[in-house]
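Undergrad: Fold the following, please.
(2 chains)
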Amino acid sequence: METDGSAGGSSTGWGPHGRAIRDMAIEVREKANDLRMLEVLGHWGFEADDVSGSGDSNRAGVLDALGSPHEGLLLAQEAEQGFQLGTEFDYIPELFDRYALGFDPSAYEGMKIDLQAAIDTLATSTDSLITPIRHRVSEAHWSSDAANEFRDRVLDPMIDVGPNQRRILSELIAGLEGHRSLCVATQEGALQIATLTRDALDRAITSTSTSPEPATVFAVLGTALAFGSIFVPGTQGFALALAIANFGMAGSQAMGQITATSTPQATQSVIGGDTAHMITGMMRAALTGLDAGITAEEVHLAQLLDADIAEIETALQDKIHGDHLRAPRIEISAHTPTKEEFAHRD
Amino acid sequence: MKQEKESVGPSGLKVDLDYLTEAGKVLLPRLATVHSMAAGQIHLSSRNDAGVMRRPGSGGQEESLAWAKWRELRDLLQTLAGETASNVDDSGMGLLRVVELYGGADAENVERLHTPVPPVPGDPLPAEAYAPREDL
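TA: Residues are numbered from 1 along each chain as shown, chains lettered A, B, ... in the order given. Below you'll find the model as predicted:
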């Protein structure tokens, strides 16, 4: 078995199922090559039992069983086609490596920890700072036109800034979690496809070696992966949120759509067939379907993130709503601030 | 014990300079620090960028189709948090300027109240009557 040299089970770059995919892909390669050799034997009226020794994967044994003149014909075919019997399906492990490798769940966890720390930090702003600030500059302690402007334009929007930034952080974390789930589902799907292919090849081999007419019938089987929707659509409209003076991102259309509830689902897809080429062809088709599912989910996630960005940028272009996303900026001058100076700086 | 320095004028002007000073010098800068820390923590998340959001099925060789948008949203939020820190800090300085100017105006008024008023022609009172009193 090939490894990356690291000890233990799942390690960086392999994900939870990476090694199992690699191992299963190697089995698929062996089984496919075995079945192909049995098909060649059957073509000339031989059976697996005619091969000496234990292995129907033993190319030398197959050649020996074929004897002259079949051996010569096979060698001539191999020379013409450019590959030897028993190596036709050697590409399969590499085909699955792109699903087995390149997924590092720990990287997602590290980023989530950093972003969660930011959420916790921002929670401090509303919990323990905004309230005393509001008390110090309340009407009971400061009453004037400038005081009113400060409260209306600076302090009141500030109440929403922390919660809104926390919501955006939650969206980022949900995006990470959603993508991590997609990676896990992808590996589960690839492993399932490899396993079903291995089982189909196994049954074909068994059928070939026991049937009076080799390589004709074996069971069709299996289910393959389909992606459930990772993202749950939102229910509230952004236009409504904009109409509310005390703008809150919770009422927006885009925010909160990204959730992480990916669950692979079985489909009607099958992997089966009569020959090694038929079975591996269906395997490749299943992998193509898996790739299409990945693309669809990634595009969907990108669209949701894009909607969040557009929503935030729209809000920022509006003085009032923008101030609920990040604290407003005031001018500081050398005389008593006027109401205009507590208003916005363009 | 907090010292009361509250004043209420006929126009409804009322100000407690101690409270404004505390808000501008302590509380708002502390809030600014919170947002600044959050901006830093958001920035820190980029240290784990390398292995995250690779396109499934690419063997880790390709970026996720969603990665650029995710990063854009994160960078936007980091900017928002940073600007918030800076703006909140400015607001604190604005309050301190208010305190400084209210206090300055008060001191200026004291000085004016101690300035002798020139005698009005025909005033029966002697000029000494308008001189600053030492006992005030």
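
Undergrad: Going by C-alpha atoms from here, please, whenever you check contacts or count neighbours.
TA: OK.

Undergrad: Would you mind listing what in the stretch 151-300 of chain A touches chain B?
TA: For the stretch 151-300 of chain A, the contact set with chain B under C-alpha under 8 Å from any C-alpha of the partner chain comprises A:154, A:165, A:168-169, A:172, A:175-176, A:179-180, A:182-183, A:186, A:291, A:294-295, A:298-299.

Undergrad: Among those residues, name the buried ones.
TA: A:154, A:165, A:168-169, A:172, A:175-176, A:179-180, A:182-183, A:186, A:291, A:294-295, A:298 (16 or more other C-alpha atoms under 10 Å in any protein chain shown).

Undergrad: Where helices are concerned, which of those count?
TA: Secondary structure assignment (DSSP state H) places A:165, A:168-169, A:172, A:175-176, A:179-180, A:182-183, A:186, A:291, A:294-295, A:298 from these within helices.

Undergrad: Tell me how many other residues crowd A:T124.
TA: Around A:T124 sit 15 other residues, with neighbours defined as other C-alpha atoms under 10 Å in any protein chain shown.

Undergrad: Which of the residues in the one helix or strand it maps to are classified as buried?
TA: A:T124 is part of helix A:105-124, with elements assigned from DSSP states H and E. Within helix A:105-124, the residues that qualify as buried by neighbour count (16+ other C-alpha under 10 Å) are A:105-112, A:114-119, A:121-123.

Undergrad: State the next helix or strand along the chain beyond that helix.
TA: helix A:130-136.

Undergrad: ok, back up a step: which members of the buried ones among the residues of the stretch 151-300 of chain A next to chain B define the maximum pairwise distance?
TA: A:V154 and A:D291 (49.9 Å; C-alpha to C-alpha).

Undergrad: Mind jotting down where the strands sit in chain B?
TA: Listed from the start of the chain, chain B has strands (DSSP state E) covering B:7-8, B:14-15.

Undergrad: looking at these, which one has the lowest mean pLDDT?
TA: The stretch with the lowest average pLDDT out of those is strand B:7-8, scoring a mean of 49.

Undergrad: Between the buried ones among the residues of the stretch 151-300 of chain A next to chain B, which sits nearest A:E313?
TA: A:E313 lies nearest to A:I168 out of those, by C-alpha to C-alpha, at 12.7 Å.

Undergrad: Report the contact partners of the nearest residue to B:G57 once chain neighbours are set aside.
TA: Once its chain neighbours are removed from consideration, B:G57 has its nearest residue in A:Y99; the separation is 4.5 Å (C-alpha to C-alpha, 6 or more residues apart in numbering or on different chains). With contacts defined as C-alpha atoms under 8 Å, 6 or more residues apart in numbering or on different chains, A:Y99 is in contact with A:G18, A:I21, A:T186, A:Q187, A:A190, B:P56, B:G57, B:S58, B:G59.

Undergrad: Compile those residues into a markdown table and extend it with columns for distance to A:S143 and pLDDT.
TA: Compiled in a markdown table, these are given as follows (distance: C-alpha to C-alpha, whole Å; pLDDT from 0 to 100):
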| residue | distance to A:S143 | pLDDT |
| --- | --- | --- |
| A:G18 | 66 | 92 |
| A:I21 | 71 | 96 |
| A:T186 | 62 | 87 |
| A:Q187 | 64 | 89 |
| A:A190 | 68 | 89 |
| B:P56 | 60 | 90 |
| B:G57 | 64 | 90 |
| B:S58 | 63 | 92 |
| B:G59 | 64 | 91 |
